[in-house]
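K.L.:
Quick one, fold the following:
(one chain, ligands or ions: 2)
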Amino acid sequence: MSAESNAARHFFFETQNMKSNIDTNEIARAAALIRAGKTVAFPTETVYGLGADAFNALAVARIFEIKGRPSFDPLIVHLADIAHLERVASSVPLLARTLAEKFWPGPLTLVLPKTAAVPDIVTSGLNTVGVRVPDHALARALIDAAGTPVAAPSANLFGRISPTTAQHVRDQLGASVDLILDGGPCRVGVESTIVSFAETRPLVLRLGGVTVEDIEATIGRVDVFAGSSERPAAPGNLPSHYAPRTPLTLVGADTPAAGEKVGYLAFQSGPKEKCGAVEILSARGDLKEAAANLYGAMRRLDALGLDAIWAESAPESGLGRAINDRLRRAAARCD
Ligand code: TXA
Ligand code: MG
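P.N.:
Ligands and ions are numbered 1, 2, ... in the order given. Sure thing, here's the model as predicted:
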């Protein structure tokens, strides 16, 4: 290999507090695996995804198997560039295109009518497809090198906390995934915002990394799904989701029983009561920092074998809405 390709052709990422780089050989290896119908976990700006060739139904079936994901829960298709949108979406309403042009690459998924090329297993039989262009150099390099759209849910077991580091992926799925690309911690830390164009009016199905305020500033008022558990429009909206094993309760909803070993998930400052362990999402009250820390903090508390986790809500605006949505779902244990 030439000196040029050795030295220069690295991908650099700045993450919260570290730089990481992966050479093009590893990207080529990962892309070859995708083309061969295998699975590759990869970083995005939101959370790590578990990817496979979106046009290969068998490869996509393996994703459902690895995650223990019910087949009624469709996957998001990831593109390297907005120019590839027509490969998976058969029509793109004007407002959807406006959002794509404004927020891609970025934490926004659009639900659009699908093309025949997208297999039913990707969309769980729906005639729409969820699609986004991730804002992560490594993710886009992988998809670009694979030469095919990549279907990828978050790389966690179904219903559990999404991974925001490669180690989280190794811990839960390590043995079953063909390759895990490590791009350091995810910058955004909560999943993409999903906006559906399945009906005439745009509808936010899942709160996430792009705020409702920013969407409304771009295309005007949108409805936000406040649906029930029975037939979730986006199954990520199941009431119990993103859940740690330790019971999580929102502060103010109840009080800890005497003698309980309690962990406290604070938004900005620690608890008044004595606690076994405390995690502070952002000491300066910054919602972006809090979102980026959320899942890691939940995992650390969950690993301590506590009786309960007490969680404070974030302010209910901007990214705080997505944080609070995840906390409510983490609290709603059905098992
Ligand atoms: O940030 C993200 O979106 C991450 C990264 C990896 O891109 N992915 C992610 O995927 O969170 P997943 O599978 O954990 O959540 C995808 C959500 C599910 O709730 C699914 O129901 C919804 O997207 N979804 C996908 N296609 C859909 C469609 N055609 N109609 C409605 N909802 C859809
Ligand atoms: Mg998920």
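
K.L.:
hmm, the longest helix along the chain touching ligand 1?
P.N.:
As assigned by DSSP state H, the longest helix anywhere in the chain is helix 287-302. No - Helix 287-302 does not reach ligand 1 (C-beta under 6 Å from any ligand atom); its nearest approach is 11.5 Å. Every residue, glycine included, has its C-beta placed from N, CA and C.

K.L.:
Just checking the distance from that helix to the centre of its chain.
P.N.:
Relative to its chain's centre, helix 287-302 lies at 13 Å (C-alpha atoms, centre = their mean, to the nearest Å).

K.L.:
Please name every helix or strand in contact with that helix.
P.N.:
Applying 3 or more C-beta pairs under 8 Å, 6 or more residues apart in numbering; DSSP states H and E, one finds that helix 287-302 contacts helix 166-173, strand 262-266, strand 277-280, strand 308-311, helix 319-331.

K.L.:
can you redo those as TSV with mean pLDDT?
P.N.:
Below are those laid out as TSV (pLDDT from 0 to 100):
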stretch	mean pLDDT
helix 166-173	96
strand 262-266	93
strand 277-280	94
strand 308-311	94
helix 319-331	94
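
K.L.:
could I get the ones you listed as CSV with mean neighbour count?
P.N.:
Converted to CSV, the helices and strands packed on helix 287-302 look like this (neighbours: other C-beta atoms under 10 Å):
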stretch, mean neighbour count
helix 166-173, 20
strand 262-266, 24
strand 277-280, 17
strand 308-311, 26
helix 319-331, 22
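
K.L.:
Nearest to residue 191, out of those?
P.N.:
Closest to residue 191 of the helices and strands packed on helix 287-302 is helix 319-331 (C-beta to C-beta; 8.0 Å).

K.L.:
which residues touch that closest one?
P.N.:
161, 190, 193, 206-209, 211-212, 238-244, 248-250, 253, 265, 281, 287-288, 290-291, 294-295, 298, 311, 313-314, 316 (C-beta atoms under 8 Å, 6 or more residues apart in numbering).

K.L.:
now these: which count as buried?
P.N.:
For the contacts of helix 319-331, a burial check counting by 16 or more other C-beta atoms under 10 Å picks out 161, 190, 193, 206-209, 211-212, 238, 241-244, 248-250, 265, 281, 287, 290-291, 294-295, 298, 311, 314.

K.L.:
Backbone dihedrals for the closest residue in space to residue 179 that isn't next to it in sequence, please?
P.N.:
Excluding the flanking residues, the one nearest residue 179 by C-beta to C-beta, 6 or more residues apart in numbering is residue 40, at 4.8 Å. With angles defined as degrees, to the nearest 10, residue 40 sits at phi -130, psi 130.

K.L.:
And for residue 150?
P.N.:
Torsion angles, degrees, to the nearest 10, at residue 150: phi -120, psi 120.

K.L.:
separation between it and residue 209?
P.N.:
Counting by C-beta to C-beta, to the nearest Å, the separation of residue 150 from residue 209 is 18 Å.

K.L.:
Tell me how many other residues crowd residue 214.
P.N.:
17 (other C-beta atoms under 10 Å).

K.L.:
Look at it and give its secondary structure.
P.N.:
helix (DSSP: H, G, I helix; E, B strand; the rest coil).

K.L.:
what does the stretch 101-250 of the chain put close to ligand 1?
P.N.:
Looking at ligand 1, the residues of the stretch 101-250 of the chain close enough under C-beta under 6 Å from any ligand atom are 107, 109, 111, 123, 126, 128-130, 134, 152-154, 191-192, 194, 196, 205, 233-236.

K.L.:
just for the stretch 101-250 of the chain, where's the confidence low?
P.N.:
227-241 (pLDDT under 70).

K.L.:
measure stretch 33-47 end to end?
P.N.:
One end of stretch 33-47 sits 21 Å from the other (C-alpha to C-alpha, to the nearest Å).

K.L.:
mean confidence score for it?
P.N.:
Mean pLDDT, computed over stretch 33-47, is 98.

K.L.:
which parts of it are buried?
P.N.:
Residues of stretch 33-47 classed as buried by neighbour count (16+ other C-beta under 10 Å): 33-34, 37-47.

K.L.:
What of stretch 102-122?
P.N.:
103-114, 118-119, 121-122.

K.L.:
helix/strand/coil for residue 273?
P.N.:
coil.

K.L.:
Would you mind measuring from the residue most central in space within the chain to residue 152?
P.N.:
Residue closest to the average C-alpha location in the chain (C-alpha atoms, centre = their mean): residue 191, at 3.2 Å. Distance of residue 191 to residue 152, computed by C-beta to C-beta: 11 Å.
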